[in-house]
Structure formats: C-alpha cells, structure tokens
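Novice: build the 3D model from these lines:
(one chain, ligands or ions: 1)
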Amino acid sequence: MACAPHPIERDMTPAIRKALDKLGLLRDIDLVLHLPLRYEDETRITPIASCREGQMVQIEAAVLNSEVQLQPRRQLVVTVQDASGECQLRFLHFYPSQQKAMAPGKRLRIHGEVRGGFWGRQMLHPQIRKAEGPLPAALTPIYPISKGLPQAYLRRMIAVALQRIQIEETLPGTVLALAGPPPIAAGHGAAAGSAWWPLHQALQFLHNPAPDVALQTLEDHSHPAWQRLKAEELLAQQLSQFKVRQTRAGLGAPALSPPADISSALPLHEQLLARLPFELTAAQRRVCAEIAADIAQPRPMHRLLQGDVGSGKTVVAAMAACLCIDAGWQCALMAPTEILAEQHFRKLTEWLSPLLAEREQSVAWLAGAQKKKERAAMLEAVAAGSAMLVVGTHAVIQDSVEFARLGLVLIDEQHRFGVEQRLSLRKRQSTAPEDARAHDKGMEPHMLMMTATPIPRTLAMTYYADLSVSTIDELPPGRTPIVTRLIAESRRDELIERLATQVAQGRQAYWVCPLIEESEALDLSNATATFEDLQQAMPGARIGLLHSRMPAADKQAVMAGFSAGEIGVLVATTVIEVGVDVPNASVMVIEHAERFGLSQLHQLRGRVGRGSKESACILLYATGDNGQLGDTAKERLRAMAQTNDGFEIARRDLEIRGPGEFMGARQSGAALLRFADLDTDQALLEWARQLAPQMLRQQPRLAELHMQRWLGGKWDYLKA
Ligand SMILES: Nc1ncnc2c1ncn2[C@@H]1O[C@H](COP(=O)(O)OP(=O)(O)OP(=O)(O)O)[C@@H](O)[C@H]1O
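Specialist: Take a look at the predicted model:
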C-alpha cells in the first residue's frame, strides 16, 4: 500500500524517520494501530492541598523559589504554590534551559507522582509545561517510542492519520451483527460490553479516551475497545496461519525413503552409527524414527527438533541428512553464525566425508567470507549434485546457490533466522532442467528446525502452521551437572585468582563479556580490556580473544586453538552463545550476567558440562549505585542457580519476557501479537480460530484486506 506524504513530514528529521522506520510506522494504518502503552490524565487540575501521597496528579501553580542545592547531592529544588498550598519539585539532572523555564513567577502545569517528605509534598522529576491554553478534553496517550522520536511529534502524526484514514470494517457483517466478543476469563478484568465496537470508534477511543473512563479497563485491556483490537489482531494471525496451511496442503515433497535396490552393503545412516564413538540415547533414537517416518511422506515435513543444550541434536541432524542422501536427494544445513556453521561442518565432514567419498560424493561449505574460487567450486558441486550435504550460514540460501535436487533443509537455532530467510530456503526447489527430473519441480524440501530454546507447545501451535515437534528429553549419559554460582563484581580479583589456579591444573574456561545494546564498539572494548586484564593476572596461561568483528580466519584459528586445548581461557563476546562444542571446557564465567536474558544465560552455560568433568558456571553480577541488585534481576539469576533444566528456564523466561520477545519475534517478523495475550485471551483466540477458515472460504476479499492491514509487508511475504 503506497503511503501518501504525511502533512507534518516537512518537520521530519532523519532521526525521526529512522525511528519511525524502526517501529514499522510507514503507513497511516500502521500509525493508527500503534496504540498507547498507558495514559496520563491532564484533563483536570488538582489543588495541591488535596493531593494524596502516591497519586499521579496535575497541579497548576506559580514558582515561588528556585535554587540549586549541593547537599546531600546536587539538585534543582523548585518551590511552587497554588491557592491551597505549596509543593516542592526536585530534579537530580537538569539543563540550564529547564532552570530558566522554572524561574520565580512563572506559572506552570506540573504532572507527576506526589510523595510525602520531611519538607511536605514533593514531586521528583515531574513533567513541566507552561500554564496556557485550555486543558485537553481526553486523556493523554503515552506511546511506545524509539530513540529520536518525541512523544509529541508521534502524537501529532497519529492524530493526522486518524483524521484522514478511512477504515473499512473487515469483520463480516454477520459477525458484527450477531454477537459481541466472548466473555473475558474470570480474574482478567472487567466484562466486555455486549456488542462489538466498530473498529473506527474503537481506535478513536483508544487514542483519545474520555476522561471519565475507568482507567483500569484501559490498563488491563479489558475495555470493549481493546477487546475489538485484540480480536482483530488474533484474527489476522489465525487467517495467515490457515492460509499458509491451505497453501502447504497443496504442495508436494520428495518421499525420502531408501531405494529398494540399494547396492551398497549398508545404508548411510547405519554406516554412520557404526562410526560414532557413542550409542544414541533412547530419546535420540525416538526422534530419528519420528523424522524418518515424516520425510518418507510425499508432503513437506515442517518439524521442530527441540532439545536442551548439549542433548545431542547434531547427530540427529546427521542421521536425517543420511536418510535424505540415501534417497538420492541433497541436504542443506544452515546455522546462524559462521562459528557455529563451521563447527557443524567440521563434525559432519569428520563423520560423513569418508562415507560419501566412497560414493564420489562430498560435503560442501558455503559462507560469506569465502574465497571466490573456492566458492565457485562449491557452487558447481552443489548444482551438479555431487555435493550431497551443503553446510553454511545464510550464504546457503542466496540466489546464486542452485541445488540439483534439494530434499531436506536443516536449520539450526531457527529462532535466530528471520521468517523471510526460512521461507526463502523452503522455496528452494530443484532447478534441474532435464525431463527426467521434471516431476521434482513444484516440490518443496522437507524442513527440520533445531532449537535449544524449547518453545511451549501452545505458543508453537499459535505461531507456526501445522508444526510438528520432536523433543530430545534426555542428556547423553555420564554428564555431571553444572554448578552455578552468583558472585558480585566486587569479588572479581578473588575469582581471577581461583581461575588461574584451575587453568594451571589443565582446566579450560570461557569468559563471556556482555552485549551492550547498540554499541558494538563498547562491547569490543569491554572484551579487549578483560582480555588484557586476564593476560596480566595469569601470566602462565594462554588467553584467547574472540569477537564478532574479527576476520573469519582469525576466529577459526582462535576456536581451533581452544578446541585443541592450547588456549586456557577464551575471552569472548556472545558470539559463542549457541552450539559451540568443546567438551574439555569446564568453567564458564559470564560477566554482567544481570544484562542477559535467561535463555541466553542457559545457552552460554550449556557450553560447559559437555564432558565428564565437573563443570562450573559463574554469574558475575554488578550491583547498582546502592550496592543492590534489582529484584527482577536477582530473581532471574537465582532461577539460573536453581535449575539446569532448559524447559523450566524457558518457562520462567516466557513469564518474564512475554511471547514476542521470547520468540525473538523482533527479528523474525513472525505474525506477532502486540496486544493480545495468549494466557488471558484464550476465548478470543478460540473465536478467531473458528472464524478464520470460514472467512477465508466465504469472504476471501475481506480476509485478504484484514491480513494486509495487520501484517502489511509481512503478509505479502508469507503469501509468496
Ligand atoms: N548419545 C550420545 N552419547 C554420548 N555423547 C553424545 C551423544 N550424543 C551427542 N553426544 C555428544 O554430546 C555433545 C553435545 O552434542 P551436540 O553438540 O549435538 O549438542 P546440541 O544438542 O547440538 O547442543 P547445543 O544446543 O548446545 O548446540 C557432543 O560432543 C556430542 O558428540
């Protein structure tokens, strides 16, 4: 949908444009669907004498006095007065311009939370405006914003968009006429109204609610206007899921079962089993059988393989690749980072290359940083069909890669790839021109996505059309549980001393430095500083440094040195987060652990405890100015120390972060739920589930419009 120029675009700075882009606010419809996080009541003035402690209020008062105090710390203290009394405003950070705006004699409208104090009523960092013009008639919406985008500017943009947009109803007339939203589950807010609110009215209301509304119903999203919006969103998501399902039902896939007249003595997967230095666990055998049965069908498999860190997913992937190759089809494995892809490549080549070589077949490697000549040779082998297994990063799915007969795609850590990349790989079909292979055309490869971050079943079902799930719920034998300890940053020196002793005894350790959002440079300096510190503190040990900006060859060299046991301590940014497998490493130190998400900490911790050695994970945490760690941060870190179970950690992570963040939805662009909540809105979800297939059949135009509206560009993509 083209976007007409916005009337206030002339004041748009590049920073604002960037922020709007980041928030996906490109069309009028995106703006009107960008709903407030909360509201402030600026419609009335409360006399100072009636303000109660803890209340959010707006007062109108004149400045009596304004001074910068230096004790107990530097702050601006402003005393204001109305006809009923006085109040003190305190600002710990302030600009000279603010000081000027609050000079004695100025009349101000002041919005903030009232606190009691030794000197009477106070407000800390209230919002200040000049006392002029009439009071607004509606509550003031506070929107989610991004750096560079002022609230007031966004508010103006949304107001203009609301004025000029024509919103066509997409709920079928019969639905709107017959019944209202399903009742809200007990304990989740007020009951909804009895009829559906028209969409236009619901949007107008949510952007400008009348001041007499019960604020609670806006905050807990139980208001009928919110119900309408959540219903819309869930319907769009269900429509897209059913649509994808419909499309997929019509697709074929190669039935990957071994040919009856197999000439070699043993099928490839049995040869692999015979070569492995270990036996498969019962859980690994079970999931292998599930996958084998599924890819033997002539319709595309769409399966998630989940297993805790270190549960042995790689060998299952290798077994699946063997089945595919035995059936005469190629297999591709894609990993999100070069380190991880490289490690898979090394392992799979070690396991499979000798076996494939006997059949004049090979394993190919494709990555971004690759010599032209090598890449060309690989591409040729892939196109000719002699490279039966292709391993790499997203370079595997570039247009220049043509497979002769792609039968199976394995995606590691699927939630790190965008939905576009996944779909683009799925669309890879046989390009062979010969008639003999004409039947391969129009077929989709089977897909197996692997993850160590288990996705709760209901969530998976809601986000992915007909996804089957295989779970490895058992760790290989002989693992000793990892002991996790929380240590305050103030004890860093003590920790380094102990680590030095352990490294001298032949133990290997990772030392992970935190990711500081939006500042790769800072990340780097952190890791480099730690690297230098450790070098000084442990003159006897070899310390390695690994970060994402290093040239691929250097990364490989460092990883190889660590794998071979030559490097004692590997200082790294989170590039090692997923999948790195060095069984001898037995200590993991995570600096600023409080900045990581739970699943990420679990992934990092999973880099140790892979051998039979006793392993330890040290979560180094920094405390705030007051010497304390915040409650949520503490709760998170304690959860890590309490359990080694990835499923339990995923459950707690989901509780803390909500499904969108948890699924890595920001990057994935998956049909996201911004407003609805899968826990509290189950009745609405059920309603949408029932309506979606019916609407696709009976009102395809409305269904299409509805998806366009909610999913925009993402929907164009899913449709393709
Ligand atoms: N059945 C088994 N018995 C013994 N060792 C095994 C078994 N299966 C796998 N392993 C070994 O366990 C280690 C972990 O396996 P793998 O790297 O496949 O785990 P993963 O599930 O991919 O973990 P992550 O999610 O952390 O990448 C490897 O060194 C692998 O060789």
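Novice: hang on, Ala650 in a helix?
Specialist: Yes: counting by DSSP: H, G, I helix; E, B strand; the rest coil, Ala650 falls inside a helix.
Novice: next, count neighbours for it.
Specialist: Other residues near Ala650 come to 23 when the count uses other C-beta atoms under 10 Å. From N, CA and C alone the C-beta is placed, and that goes for glycine too.
Novice: what's the pLDDT at the residue of the stretch 1-150 of the chain found nearest the ligand?
Specialist: As assessed by C-beta to the nearest ligand atom, the ligand sits closest to Lys22 within the stretch 1-150 of the chain, at 30.7 Å. With respect to pLDDT, Lys22 scores 83.
Novice: measure it to Thr451 for me?
Specialist: Here the criterion is C-beta to C-beta, to the nearest Å. By it, Lys22 lies 26 Å from Thr451.
Novice: tell me which residues in stretch 289-302 are buried?
Specialist: Going by neighbour count (16 or more other C-beta atoms under 10 Å), the buried part of stretch 289-302 is 290-292, 294-296, 299-302.
Novice: quick one: average pLDDT of that stretch?
Specialist: 92.
Novice: around the ligand, pick out the residues from the stretch 551-700 of the chain.
Specialist: Proximity of the stretch 551-700 of the chain to the ligand is confined to 579, 581, 583, 606, 610 under the rule C-beta under 6 Å from any ligand atom.
Novice: farthest-separated two in the residues you listed?
Specialist: Gly579 and Pro583 (13.2 Å; C-beta to C-beta).
Novice: who's more crowded, these two?
Specialist: Taking neighbours as other C-beta under 10 Å, Gly579 and Pro583 compare with Gly579 leading, 24 against 14.
Novice: of Lys22 and Thr451, give the one with the bigger neighbour count.
Specialist: Thr451 (20 against 13).
Novice: for the more buried one, name its beta-bridge partners.
Specialist: Note on Thr451: beta-bridge partners Gln306, judged by DSSP bridges.
Novice: report the separation between it and Met123.
Specialist: Going from Thr451 to Met123 by C-beta to C-beta gives 48 Å.
Novice: again, but for Leu206
Specialist: For Leu206, the distance to Met123 equals 28 Å [C-beta to C-beta].
Novice: likewise Arg549?
Specialist: If you measure Arg549 against Met123 using C-beta to C-beta, the figure is 45 Å.
Novice: CA atoms of whatever helix or strand Ala292 lives in as PDB?
Specialist: Using DSSP states H and E, Ala292 maps to helix 282-295. Provided in PDB are the C-alpha atoms of helix 282-295 (Å, rounded to 0.1, in the frame of the first residue of the first chain):
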ATOM      1  CA  ALA A 282      16.700 -43.700  23.600                       C
ATOM      2  CA  ALA A 283      15.400 -40.100  23.100                       C
ATOM      3  CA  GLN A 284      17.700 -39.600  20.100                       C
ATOM      4  CA  ARG A 285      16.600 -42.900  18.600                       C
ATOM      5  CA  ARG A 286      12.900 -42.000  19.100                       C
ATOM      6  CA  VAL A 287      13.200 -38.600  17.400                       C
ATOM      7  CA  CYS A 288      15.200 -40.100  14.500                       C
ATOM      8  CA  ALA A 289      12.400 -42.500  13.900                       C
ATOM      9  CA  GLU A 290       9.800 -39.600  14.000                       C
ATOM     10  CA  ILE A 291      11.800 -37.700  11.400                       C
ATOM     11  CA  ALA A 292      12.300 -40.800   9.200                       C
ATOM     12  CA  ALA A 293       8.600 -41.500   9.100                       C
ATOM     13  CA  ASP A 294       7.800 -37.900   8.300                       C
ATOM     14  CA  ILE A 295      10.200 -37.400   5.500                       C
END
